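Engineer: okay, here's the prediction I keep looking at, along with the sequence it came from:
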Amino acid sequence: MSIEIKDVSKNFGTTQALSRVNLTFDNNKIYGLLGRNGAGKTTLLNIITNRIFADEGEVIVDGIPSKENDQALQKIYMMSEKNYYPTNMKIKEIFAWTKNFYQDFDMDYAKKLADLFDLNINKNVKSLSTGYTSIFKVIIALSVNTPYVLLDEPVLGLDANHRDIFYKLLIEKYSNFPCTIVISTHLIEEVSTVIEDVIIIRNGTIIKNQSREELLSQGYTISGKASSVDSFIVDKNVIGTETIGGLKSAFILGSINKETIPTDLEVTKLDLQKLFVQLTNA
Amino acid sequence: MNIKAATKYQLNDYNKSLRVYYLVILLVIIFLTLLDTIWGGNGDGTYNGFESSSIIFLFICGLNSFKTTFLMMLQNGTSRKSMFIGNITSILTVSFAMSVLDRILSLLANIIGNAIGGLSYSGLFDLLYSHRLENLNSFVFQLEIILLTWMVYTAVTIGGYFITILYYRMNTALKVIVSVGVPASILFIIPLLDYMVLDGKISALRNKFIYFIFGEPGANANPYSLLLACLLGIIIVQGLSWLLIKRAVDKN
């Protein structure tokens, strides 16, 4: 049970969006698909869901090629950053139509979530703000109960409270109904606690595909007085620093020897966002 | 396959506009009947051809039924194949329902008009093929008209649908070329070419084609020529539509 992406390439004119991408989304895991703007995240998700076609390669969903195959496509729900629903349709009508296409869509749960987010389901799509447009799509994604849920920038326009509710609901849903969730986002710090595996894409190529723990164990963060940090990092592979007042944090790649660390410095885990910036800038 | 849901969705797409359309048609029938009752009443009032408005209505429906539906289908894990089958099923269903409804309406309009004020109504195809009544009984004639109307309605909806897919697939430059080039060719270039170079061969061919479909002027037209032309048109245009749809991608 998995989504296998085999040797997928895609060009838009002279721009190469994806280059021989090989990837597997295993069953019941939460993935973070991270990449800078234009890295190829949405293109990859669009190919998986048959919205655009790959120039080369194929996508296999639970052993079935997904291209033009309803049986495979019905196992996936993709919440897109852009709107695909008719803008003059009411949210409750969209819920009803989703139930027609996805038999396992939980209407009661969707209505419960709409209440929780304070979303008026009698409104039509075009009357919603950016935040609420994301919310209604998030609600469908959380209620649709497909084995694979792809979320492209799910918290776009959501305020801090709604983002908090979303992440809690996502974890709750995942616990009650284990499925494969792929979150494509720029807000790395926020999703870093939710995701299990990290896939980093740069210029259409997968440059990292490993568990978050494994990835973050490749380095560490050292914090303390600026002068102490500066002298400690002289011969280290520093991927970034942050200074607030007299305190400094340095993000270092490499293994740690705790005996060599001065007592006035504190060691913590590497920051995913800092690592991401380093990896995608290189 | 998601064909059932795709068909249901596309049928529903027609629902609201169909209700509004028939409300307007009913109001027009009532208005004309009242008008004739109040100011007419000498028994020679006639009106005809609601089918023409149905043809325009369905052509516009066809023109408006691709992009929104396509995106909705992509969002809901439905393949282009299922969408296409759902589309032709819904077009055939709506066209058939409208051809039956229009026939009933025309008969009713005629009965009510005659009963109240001597106002008579003739359908578009009644006018064209009334000579058939000499050889056919009225019931078979009505069935023949329904069948013919069904195919004409289907053909025009599919025509509108094809144009909208064609435009969806084209880039901006091509859209401009086609939008300017096709009317210019039909109105100026082909007639000029025909007149100056081809000695009227194109217009002769065009007339031959029109006469084949609608019959020669003054002669009794055969409805099955129009039926055959519509059927061929449906098959060819649907084939072309499928070629365009199967490679259509999200431009959202």
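Structural biologist: Okay, I see it. Numbering: from 1, shown residues only, chains lettered A, B, ... in the order given.
Engineer: alpha carbons only for contacts and neighbour counts from here, please
Structural biologist: Will do.
Engineer: residue B:128 looks like it's in a helix, true?
Structural biologist: Yes - per DSSP: H, G, I helix; E, B strand; the rest coil, residue B:128 lies within a helix segment.
Engineer: how far does the helix or strand hosting residue B:55 sit from its chain's centre?
Structural biologist: Here residue B:55, judged by DSSP states H and E, is contained in helix B:50-63. Put simply, helix B:50-63 sits 5 Å off its chain's centre (CA atoms, centre = their mean, to the nearest Å).
Engineer: ok, stretch A:214-226 next?
Structural biologist: In terms of CA atoms, centre = their mean, the centre of stretch A:214-226 is found 23 Å from the chain centre.
Engineer: could you do stretch B:51-69 as well?
Structural biologist: Chain-centre distance of stretch B:51-69: 8 Å, with CA atoms, centre = their mean.
Engineer: still on that earlier bit, using CSV, write out every CA atom in the helix holding residue B:55.
Structural biologist: The C-alpha trace of helix B:50-63 is given here as CSV (Å, rounded to 0.1, in the frame of the first residue of the first chain):
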residue,chain,number,x,y,z
PHE,B,50,-39.8,27.7,-29.8
GLU,B,51,-37.3,25.0,-30.9
SER,B,52,-35.1,27.8,-32.2
SER,B,53,-34.7,29.3,-28.7
SER,B,54,-34.1,25.8,-27.3
ILE,B,55,-31.3,25.4,-29.9
ILE,B,56,-29.7,28.7,-28.9
PHE,B,57,-30.2,27.9,-25.2
LEU,B,58,-28.5,24.5,-25.6
PHE,B,59,-25.6,25.9,-27.7
ILE,B,60,-24.9,28.4,-24.9
CYS,B,61,-25.2,25.6,-22.3
GLY,B,62,-22.6,23.7,-24.3
LEU,B,63,-20.4,26.7,-24.5
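Engineer: that one packs against which elements?
Structural biologist: helix B:3-39, helix B:80-116, helix B:124-129, helix B:138-169 (3 or more CA pairs under 8 Å, 6 or more residues apart in numbering or on different chains; DSSP states H and E).
Engineer: which of these has the lowest mean pLDDT?
Structural biologist: Among the helices and strands packed on helix B:50-63, helix B:124-129 carries the lowest mean pLDDT, a mean of 82.
Engineer: got the buried residues for that helix?
Structural biologist: Residues of helix B:124-129 classed as buried by neighbour count (16 or more other CA atoms under 10 Å in any protein chain shown): B:124, B:125, B:126, B:128, B:129.
Engineer: so what touches that helix?
Structural biologist: Under the contact criterion CA atoms under 8 Å, 6 or more residues apart in numbering or on different chains, helix B:124-129 has outside partners B:48, B:49, B:50, B:51, B:52, B:145, B:149, B:220, B:221, B:222, B:223.
Engineer: swap in stretch A:255-273?
Structural biologist: Outside stretch A:255-273, the residues touching it (CA under 8 Å, 6+ apart) are A:188-189, A:192, A:216-225, A:228-229, A:232, A:251-252.
Engineer: could you give the bridge partners of residue A:267?
Structural biologist: Beta-bridge partners of residue A:267, counted by DSSP bridges, are residue A:222.
Engineer: what's the spacing between it and chain B?
Structural biologist: Distance of residue A:267 to chain B, given as CA to the nearest CA, to the nearest Å: 46 Å.
Engineer: picking up where we left off before, which one of the buried residues of helix B:124-129 is nearest to residue B:230?
Structural biologist: Closest approach to residue B:230 among those (CA to CA): residue B:125, at 14.3 Å.
Engineer: where exactly do the helices run in the stretch 51-200 of chain A?
Structural biologist: A:70-73, A:91-101, A:107-116, A:130-143, A:160-176, A:188-191 (DSSP state H, counting those that start in this stretch).
Engineer: drop anything exposed from the contacts of stretch A:255-273.
Structural biologist: For those, a burial check counting by 16+ other CA under 10 Å picks out A:188, A:192, A:216, A:219-225, A:228-229, A:232, A:251-252.
Engineer: is it true that residue B:96 touches residue B:150?
Structural biologist: Yes - using CA atoms under 8 Å, residue B:96 is in contact with residue B:150, at 5.1 Å.
Engineer: higher neighbour count, the two?
Structural biologist: Using other CA atoms under 10 Å in any protein chain shown as the criterion, residue B:96 and residue B:150 rank with residue B:150 on top: 23 against 19.
Engineer: does the more buried one touch residue B:99 like I think?
Structural biologist: Yes - using CA under 8 Å, residue B:150 is in contact with residue B:99, at 5.3 Å.
Engineer: mind checking which of the helices of the stretch 51-200 of chain A is nearest chain B?
Structural biologist: Taking CA to the nearest CA, helix A:70-73 is the member of the helices of the stretch 51-200 of chain A nearest to chain B, at 4.8 Å.
Engineer: hmm, who's touching that closest one?
Structural biologist: A:49-50, A:61-62, A:64-66, B:1-2, B:77-79, B:82.
Engineer: what average pLDDT does that helix get?
Structural biologist: Throughout helix A:70-73, pLDDT has a mean value of 94.
Engineer: cool, stretch A:80-98 as well?
Structural biologist: Per-residue pLDDT over stretch A:80-98 has a mean of 95.
Engineer: got the buried residues for that stretch?
Structural biologist: A:80-81, A:83-86, A:90-92, A:94-95, A:97-98.
Engineer: now, which of the residues you listed lie close to chain B?
Structural biologist: A:83, A:84, A:85, A:86, A:97, A:98 (CA under 8 Å from any CA of the partner chain).
Engineer: now the fourth one: phi and psi?
Structural biologist: What that stands for is residue A:86. Torsion angles at residue A:86 (phi, psi; degrees, to the nearest 10) stand at phi -60, psi 130.
Engineer: name the nearest residue to it, sequence neighbours excluded.
Structural biologist: residue B:68 (6.0 Å; CA to CA, 6 or more residues apart in numbering or on different chains).
Engineer: next, count neighbours for that neighbour.
Structural biologist: Neighbour count for residue B:68, taken as other CA under 10 Å: 14.
Engineer: how far off helix B:3-39 does the helix or strand hosting it point, in degrees?
Structural biologist: Per DSSP H and E, residue B:68 falls inside helix B:67-75. Here the directions of helix B:67-75 and helix B:3-39 differ by 160 degrees (axes from the mean of the first three to the mean of the last three CA atoms, to 10 degrees).
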